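Asker: Predicted coordinates and the sequence they were generated for:
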Amino acid sequence: MFGKLVCLLALAAGMLIADLPKLGGTGRGERLLYGALCVVVLYLAVIFVTDAPLPNLDMLFDRFQRPAELLVRRLNPAQS
């Protein structure tokens, strides 16, 4: 766990060092989007570091698998 935490902190520091100077000249929408993406990355980082059994992004995508299959089946002329 300690090794994962050190790796995560090093990557986060590198990301912030590279992005913060560029973020100053952006608009409110870009900063809001950057913040939202950072929240998602932070959530996934917590799952990675702690090995917690929390819902992951693949679980979210699995929820859309069945509706997507139905849509593809309905739009596929070979199966109609």
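Answerer: Arrived safely.
Asker: Per-residue pLDDT of Q79, please?
Answerer: With respect to pLDDT, Q79 has a value of 67.
Asker: what does the host helix or strand of V39 contact?
Answerer: Using DSSP states H and E, V39 falls within helix 28-50. By Cβ atoms under 8 Å, 6 or more residues apart in numbering, the residues outside helix 28-50 that reach it are M1, K4, L5, L8, A12, D19, L23, T26, A52, L54, N56, L57. Any C-beta I mention is one placed from the backbone N, CA and C, and that applies to glycine too.
Asker: contacting residues around the helix or strand bottoming out on mean pLDDT in the chain?
Answerer: Scoring the helices and strands of the chain by mean pLDDT, DSSP states H and E places helix 57-63 at the bottom, with a mean of 81. The contact list for helix 57-63 (Cβ under 8 Å, 6+ apart) reads L44.
Asker: Only alpha carbons, please: show it as CSV.
Answerer: Taking C-alpha atoms only, helix 57-63 is exported to CSV below (Å, rounded to 0.1, in the frame of the first residue of the first chain):
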residue,chain,number,x,y,z
LEU,A,57,-16.0,2.5,-13.7
ASP,A,58,-16.3,-0.9,-15.3
MET,A,59,-19.3,-1.6,-13.1
LEU,A,60,-20.9,1.5,-14.4
PHE,A,61,-20.2,0.5,-18.0
ASP,A,62,-21.7,-3.0,-17.3
ARG,A,63,-25.0,-1.4,-16.4
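Asker: right, and the helix or strand after it?
Answerer: helix 65-75.
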